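K.L.:
Sharing a sequence plus its predicted fold:
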Amino acid sequence: MYQDTLLHIDGTWRSGSASETISVINPATEEVIGTVAKANESDLEEAVTAAHRGFLVWRKIPALERARVMLRASAFLREREGKIARLISIEQGKPLHEALNEVRSAAETNDWFAEEATRTYGRVIPSRGEGIHQFTVREPIGPVAAFTPWNFPTIQIVCKMSAALAAGCSVVIKAPEETPASPSELLQAFIDAGVPAGAINLVFGNPAQISKYLISHPLIQKVSFTGSTAVGKQLASLAGLHMKRATMELGGHAPAIVFADADLDAAVDSLSSAKFKNAGQVCISPTRFLIQESIFETFVERFSAKAAAIKVGDGLTSGTMMGPLANNRRLEAIDAFVSDALQSGGEIRTGGKRIGNRGYFYEPTVIANPSNDARTMNEEPFGPVALVRPFGTFDDAVQEANRLPYGLAAYAYTGSAKTAAAVGSAVESGMVSINHLGLSLPETPFGGIKDSGIGSEGGTEGIDPYLSTKFISQI
C-alpha cells in the first residue's frame with residue numbers, strides 16, 4: 001500500500017511546519033495515490049542547522065566505522081529491495097525489473113563508497129630544508145545540499161549521499177516531489193543502520209524556493225545537482241555567487257555512431273536496450289543514431305522491429321518491457337517533438353503516438369532522416385524517441401556528434417581497433433562507450449563536459465568534491 005511521505009529533519013519524520021502537501025500521481029493510471037509533505041523556509045532552516053550539528057558528530061566517527069554503518073545500510077536495502085522497487089514502479093512508472101535493478105545498483109554503489117571512506121589518503125611532500133615536515137590531509141568539506149531527479153529516485157540520491165557520508169559530510173537532500181516514497185524508504189535504511197540524527201535530512205517542496213534557500217545558506221558548503229541544463233546553469237550561477245563548490249550532472253543528447261564494419265546485430269540489440277530503458281528518460285540515453293550509409297536501411301529496419309516488439313504497460317504488470325512516461329509534461333513534450341520532426345521531413349518507421357487515453361504511455365518511436373533543424377535534433381527529448389540519420393565518412397560522423405553544446409555520453413560500434421581508438425579520441429564527450437554499454441558503474445566516473453555539466457559522480461572522482469585538501473608544514 002502506498003503511504004503519504006513526510007520530511008526527515010534531525011532524526012525525525014514529520015510534516016511541514018505549514019502542514020501543506022503535494023499530490024503524488026501514478027503515471028500508469030493518472031490517479032492520485034498519496035501526498036508528500038511540503039517544506040517551508042522554517043523547515044529548511046531546521047534541516048540546515050541539523051545538518052551542521054550532524055556534521056560535527058559524523059566527521060569525528062572513524063572512517064572504518066562510517067564504512068561499517070554504510071555497509072549495514074546496503075544490507076537493509078537488499079533485504080527491502082522488493083518493497084522499494086514496487087514503490088519506484090508505482091510512482092515513477094518503470095517496469096518492476098528495472099526498479100529492482102535500480103535498488104540493487106544503489107546498494108552496490110553505496111558499498112563502493114563505503115569502502116572508499118577508508119581510502120581518502122593524503123601525502124607526504126619532500127621538504128627543501130632539514131627538519132621540515134610537509135604533508136596534506138583530506139578533510140570533509142561540510143554540510144552538502146543535494147538535488148536529485150525523478151527518473152532514478154534512489155540511485156541518484158546514493159551517488160550524492162553516499163559519497164558525502166563516506167567523506168564525513170552531512171547532507172540535506174531535496175528529492176523529487178513526483179517520486180517521494182522510494183527516497184523515504186532509502187533513507188530509512190541508512191537511519192536504521194545507525195547514521196546519526198542530522199547527518200541525513202530529506203525535504204520536498206517548491207524546487208526554486210528550496211534551491212535558493214539551501215545554496216545561499218552560509219552553513220552549506222557543497223552543492224550537487226542532477227537535472228536539466230537550464231536549471232543547472234541557474235543553480236551553478238547561484239553556487240558561484242556564494243563561492244560554493246558545485247557538481248552539476250546535466251542534460252545530454254548522446255550520439256550513437258554505427259560504422260559499416262560493426263557487428264550489426266550486437267549494435268541493434270544493445271542500442272535498442274539503452275534507448276528504451278526507463279522509456280528513454282535517461283540522461284545518457286542514445287538519441288542521435290548516426291549510421292554509415294551502406295548499412296543505414298538495414299539498421300533502421302532491424303532497430304524499428306526491435307522497438308515495435310516492446311511491450312508497453314503498467315510497470316507492475318508481468319511482461320511489461322517499457323512503462324509510461326513519468327508525468328503529463330513529458331507526454332506533451334514528446335508529442336510536440338515528434339510532430340516537429342515530421343514537419344521537418346522526418347519519417348516515422350514505428351511508433352509516433354500516445355497509447356490509449358489513460359496513463360502517460362507513448363509508443364517506442366523511430367524517426368528516420370529528421371532535419372538538423374528539428375527541435376529534437378537540438379534539444380534533449382528525454383523520451384522513447386530514436387532519431388536515425390545516415391553519414392558518409394568518419395569525419396562526417398564526428399562533425400555531427402560534436403555539433404551540439406552537450407557532451408555527456410556517446411556510443412560507437414565498429415570492428416576496427418583503429419576506428420575505435422580514433423572515435424574515442426575525436427568525440428567530445430565526458431564518457432564514450434565503444435562496442436558495448438559500459439557506463440554508470442560505481443567504480444567509474446560519470447559526468448559530462450560543455451553544457452552537460454561540471455565534475456563527476458562515481459569512481460574516486462565522485463568522492464573528491466566532498467573533500468578539502470589541507471597542506472601542513474611544520475618544524
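P.N.:
Alright, I've got the coordinates. Residues are numbered from 1 along each chain as shown.

K.L.:
residue closest to the middle of the chain?
P.N.:
In the chain, the residue lying closest to the centroid (CA atoms, centre = their mean) is Gln156, at 5.0 Å.

K.L.:
With adjacent residues omitted, what lies nearest to it?
P.N.:
Nearest residue to Gln156, sequence neighbours excluded (CB to CB, 6 or more residues apart in numbering): Thr148, at 4.3 Å. For the C-beta atoms, the positions are set from N, CA and C on the backbone; glycine is no exception.

K.L.:
same check, this time on Thr109
P.N.:
Sequence neighbours aside, Pro442 is the residue nearest to Thr109 in space, at 4.3 Å (criterion: CB to CB, 6+ apart).

K.L.:
for Pro390, same thing?
P.N.:
Phe296 is the one closest to Pro390 (CB to CB, 6+ apart), at 4.2 Å.

K.L.:
Let's see the helix or strand the one you found falls within as CSV, backbone CA atoms only.
P.N.:
Assigned by DSSP states H and E, Phe296 belongs to helix 296-308. This file holds the C-alpha atoms of helix 296-308, laid out as CSV (Å, rounded to 0.1, in the frame of the first residue of the first chain):
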residue,chain,number,x,y,z
PHE,A,296,21.6,2.6,-43.0
GLU,A,297,18.4,0.9,-44.2
THR,A,298,19.3,-2.5,-42.7
PHE,A,299,19.9,-0.9,-39.3
VAL,A,300,16.7,1.1,-39.4
GLU,A,301,14.7,-2.0,-40.4
ARG,A,302,16.1,-4.1,-37.6
PHE,A,303,16.1,-1.4,-35.0
SER,A,304,12.5,-0.5,-35.8
ALA,A,305,11.5,-4.1,-35.5
LYS,A,306,13.0,-4.2,-32.0
ALA,A,307,11.2,-1.1,-31.0
ALA,A,308,7.9,-2.3,-32.3
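
K.L.:
any idea how far the helix or strand following it is from the chain center?
P.N.:
Counting by DSSP H and E, the next helix or strand C-terminal to helix 296-308 is helix 328-343. Centre-to-centre, helix 328-343 and its host chain are 23 Å apart (CA atoms, centre = their mean, to the nearest Å).

K.L.:
So which bits of helix 328-343 are buried?
P.N.:
Across helix 328-343, burial judged by 16 or more other CB atoms under 10 Å covers 330-331, 333-334, 337-338, 340-341.

K.L.:
any chance of those residues in CSV, plus pLDDT?
P.N.:
Output for the buried residues of helix 328-343, formatted as CSV (pLDDT from 0 to 100):
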residue, pLDDT
Arg330, 97
Leu331, 97
Ala333, 97
Ile334, 98
Phe337, 98
Val338, 98
Asp340, 97
Ala341, 97
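
K.L.:
Next, count neighbours for the residue nearest to Gln156.
P.N.:
By the measure other CB atoms under 10 Å, the count of residues near Thr148 is 26.

K.L.:
got the contact list for it?
P.N.:
Listed by CB atoms under 8 Å, 6 or more residues apart in numbering, the contact partners of Thr148 are 156-157, 160, 173-176, 183, 226.

K.L.:
how about 10 Å then?
P.N.:
154-161, 173-176, 179, 183, 224-227, 249 (CB atoms under 10 Å, 6 or more residues apart in numbering).

K.L.:
With Thr109 instead?
P.N.:
Thr109 makes contacts with 74, 154-155, 158-159, 162-163, 440-443, 457-458, 462, as judged by CB under 10 Å, 6+ apart.

K.L.:
surely Asn101 meets Ala85?
P.N.:
Yes: at 8.5 Å, Asn101 counts as touching Ala85 under the criterion of CB atoms under 10 Å.

K.L.:
neighbour-wise, which of these two wins?
P.N.:
The neighbour count for Asn101 versus Ala85, taken as other CB under 10 Å, is higher for Ala85 (26 against 16).

K.L.:
surely the more buried one meets Ala107?
P.N.:
No: using CB under 10 Å, Ala85 is not in contact with Ala107, being 11.6 Å away.

K.L.:
Find the residues that touch each one of the two.
P.N.:
Thr154.

K.L.:
Would you map out the domains in this protein?
P.N.:
The record's domain split for the chain, according to automatic domain parsing, is 7-250+452-474, 254-442.

K.L.:
any chance of those in CSV, with distance to Met1 too?
P.N.:
Formatted as CSV, those follow (distance: least, CB to CB, whole Å):
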stretch, distance to Met1
domain 7-250+452-474, 9
domain 254-442, 13
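
K.L.:
same for the helix or strand encompassing Lys233, what does it pack against?
P.N.:
Under the criterion of DSSP H and E, Lys233 resides in helix 229-241. Judged by 3 or more CB pairs under 10 Å, 6 or more residues apart in numbering; DSSP states H and E, helix 229-241 is in contact with strand 144-147, helix 207-216, strand 222-226, strand 245-249, strand 453-454.
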